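Colleague: sequence and computational prediction follow.
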Amino acid sequence: MLLLMLSLLLGISVEVSLAGVSPLQARVAAIEMESVAIAKSLPAMEVFRTAEYDESRVVRGPPSPPTAALFSAGFSDNAVLQRNAKAAVYGIPGQPFSLPASVTVTVTETGNPTPQTLTASVTNESGIGEWKVYLDPHVAGGDYSISVQCTKGCVNSSSTSIKNITFGDNYYCAGQSNMQLILLHTFSRNKTFADLVAGKYDNLRLYQHPQIAAQTPQWVYPAGEASQVYVASNYGRTPSPLQFKWNIAAEAVKMNATIGDYLHPPANLSVLNTFGGICMYFGQALTDIMRENGEPDVPLGLMDVSWGGTMIEQWSTNATTDKCQNTTKNKGSGTLYNGMVAPFANFSLTAWLWYQGENNIGRGTKNPYLLDHMGYACQLPNMISLWRETFSGSMANTTSPMAPFGVVDIHAGGSEGQGGDGAMGNFRWAQTASYGVLPNPAMPRTFMANAYDLGDPWGKPCFNLGCCTDWSNQPDLHNITRSPTCIEKDPNVNGWCWDDTTYYMGPIHARPKQPLAKRLALGAYNTLREKGPLSGPVISSCKRMPQSIDITFNETLLEGDTVFVQSYNSTANASGLQVYINSTLEENGMFTPSSHDCQQIIRYNKNEPVYGNISCWIYADIKLTSPNTISVDVSKFPSTWTIGGIRYAWEDRYGCGDMNMALQPCPFGSHPIIANNTRLPAMPFIVKVTESSCGCVAPQQC
């Protein structure tokens, strides 16, 4: 281990002698080195990027190898196993062992004197041995204990047991920093903690996986002390009682943890502050929806398996990435599939939730387009197919081959500065495989939770101006004097004050995660039950008129709902809808940004003269003309201008348009086009326009 430490600290390559080291120790040592290397390679701008990574973040356990049979990662006291499915239980045999070897697994239900006994042969594909048994399908609930004992071929035949096991629905929450963003930096956390203490969500159980990268798939990964070593990549992944084991949320909320920072009072420092906010809020919201529909509570397993600063190439295999062009492969590609996905391939799931892409915007995916096998539009549907095959194929066969897959698009302010010139909208479109809606033929049984209108309400300078904090009377903190330029005089408007919870790095990690989780929960619920809307309005057709362009939305997908246009500030160009002037879109919907000053055209809306025919996107006003149609006003455009396209929610831009969010907050959900009843925002769209026609860009149909 000393040689490993020297190599990491000094940045040199050394030959490590593993003489006398067990196969398990050798494997985790190799994984340790890979995880540190990946952590160091993450983009410098990203949260949890480990740019300040040091050897002290590598946490080691005792050097002795395990001697009894063990369960793999994902199995511990309080675990949730998938209900109504052939759930697998798996792990490694005692060390050392010799083939042929076998283990006996015993499942005991509290109050039932007759346990279920299962036997499994040990194989050795991993070098440390592996075993797996399948349980009979169980209904939701119950209280079980499970023990495993190596009964043949092992030196040690001691048993290992896990208790308080129940059956329910498991959700795998994966992605980068906005999925990882811990509750500490989200609005609504204190209300959530109070609800948990009050017993409102006793059905929620939480599992958090350490950040592990590996060069080969880790189909079994012994948890906790048995692993000897794991890497805590940065803030929110330091060792805690949440990692490598399951916790009941209502009990974990009462555990304190020394995770405080300068800005948060110690009274709020529950260990749950280190859990991913989206995943936690999703469980709450799904429970609420089920109750509203008269369904009984079901144990929900919420699995936080995320790593900030990562790219989709790392979560997929290299062979899958190679199916697409214009990707960003590097030494870390495939390593998170190996270390964060593969350990759960045999674990039965209800659905996956995916919030990733900030680091892929503008990095090798400028013009993503499915039909050309380009970039993220090709990568995401192929990764989804890979995961489904991994979890449901002949090796695993534990999760439905068409289990739902939820996707979150990127919120305003979340592009890491790479979202200009339409790159943000292009990427959001790529997240739908260029279809503009989920599900679609390339991404069946998927759903999208839009986040583009859920950016952080405050601009980052609001703190220094004192517009969003009450700390001016607390000199031990910052002693900020409120600027007279502040428009909003109440910094705690709508509970959005910095005093409640602060940014992590800035608006790139938007704090309103609870409303986003509600959208994810609604999409998951409706997908699983095959009823109800999965998104807000989706474009179905457009029509060129003399003074306007009419946009009609799909009535079928509205599921009986209607379209509504919220009020917006026209002078601040807050309609969210842009018209492409004096140029045309390419066949794939992309365009070459003009080098001209677009503000010359934007000033036209303020009744200033514009000279020449400059190619650019200009914001236009919209109004509702029927229950599912809006009209885009082009009546003020000079007759010399031609129109080549229309797009909506395409820029890395908030719903309040040009408003200065350092002086006053922009309420989330401010983009104007929404569904009347569900209040879900319209899916971003882009259409090509000519003098006589208007239509969607293939493969989207309208």
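Modeller: Yep, it's here. Numbers count the residues shown, from 1 in each chain.
Colleague: which stretches of the stretch 451-600 of the chain form strands?
Modeller: Along the stretch 451-600 of the chain, the stretches classed as strands by DSSP state E, counting those that start in this stretch are 539-544, 548-553, 563-565, 577-581.
Colleague: pick the most buried one from the ones you listed.
Modeller: Among these, ranked by average contacts under mean count of other C-beta atoms under 10 Å, first place goes to strand 577-581 (a mean of 24). Just so you know, the C-beta spots here come from the backbone N, C-alpha and C atoms, and that holds for glycine as well.
Colleague: that one pairs with which strands?
Modeller: strand 616-619 (antiparallel), strand 643-648 (antiparallel) (DSSP bridges).
Colleague: how about it as PDB, C-alpha atoms only?
Modeller: C-alpha atoms of strand 577-581 as PDB (Å, rounded to 0.1, in the frame of the first residue of the first chain):
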ATOM      1  CA  LEU A 577     -39.500  31.700 -28.200                       C
ATOM      2  CA  GLN A 578     -37.000  32.800 -30.900                       C
ATOM      3  CA  VAL A 579     -37.300  33.300 -34.700                       C
ATOM      4  CA  TYR A 580     -34.400  32.700 -37.000                       C
ATOM      5  CA  ILE A 581     -34.000  35.800 -39.200                       C
END
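Colleague: what are the contacting residues of that strand?
Modeller: With contact meaning C-beta atoms under 8 Å, 6 or more residues apart in numbering, strand 577-581 is reached by 549, 591, 601, 613-620, 622, 632, 634, 637, 641-648, 650-651, 673, 689.
Colleague: middle-most residue in this protein, spatially?
Modeller: Closest to where the C-alpha atoms of the chain average out (C-alpha atoms, centre = their mean) is residue 355, at 2.1 Å.
Colleague: show the backbone phi and psi for residue 198.
Modeller: Dihedral pair for residue 198: phi -80, psi 0, per degrees, to the nearest 10.
Colleague: likewise residue 277?
Modeller: Dihedral pair for residue 277: phi -60, psi -50, per degrees, to the nearest 10.
Colleague: any weak-confidence spans in the stretch 101-250 of the chain?
Modeller: Filtered on pLDDT under 70, the stretch 101-250 of the chain yields the residue ranges 223-240.
Colleague: what ranges does it have for its helices?
Modeller: Ranges of helices in the stretch 101-250 of the chain, per DSSP state H, counting those that start in this stretch, are 177-180, 189-197, 249-252.
Colleague: okay, these in CSV with distance to residue 300 next?
Modeller: As requested, the helices of the stretch 101-250 of the chain are exported to CSV (distance: least, C-beta to C-beta, whole Å):
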stretch, distance to residue 300
helix 177-180, 17
helix 189-197, 13
helix 249-252, 9
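Colleague: and residue 585, which of those helices is closest to it?
Modeller: Nearest to residue 585 among the helices of the stretch 101-250 of the chain is helix 177-180; the distance by C-beta to C-beta comes to 29.8 Å.
Colleague: now the closest one: how far from the chain's centre is it?
Modeller: 6 Å (C-alpha atoms, centre = their mean, to the nearest Å).
Colleague: just the residues contacting it, thanks.
Modeller: Contacts with helix 177-180, where a contact means C-beta under 8 Å, 6+ apart, come from 46-48, 173, 236-237, 276, 278-279, 304, 306-309, 353-356, 358, 408, 411, 414, 451, 508-510, 513.
Colleague: can you say which of these are buried?
Modeller: Among the contacts of helix 177-180, those scoring as buried are 46-48, 173, 236-237, 276, 278-279, 304, 306-309, 353-356, 358, 408, 411, 414, 451, 508-510, 513 (criterion: 16 or more other C-beta atoms under 10 Å).
Colleague: show me the shaky parts of this protein.
Modeller: For the chain (pLDDT under 70), the answer is 1-66, 223-240, 257-269, 363-367, 394-397, 417, 419-421, 471-479, 591-613.
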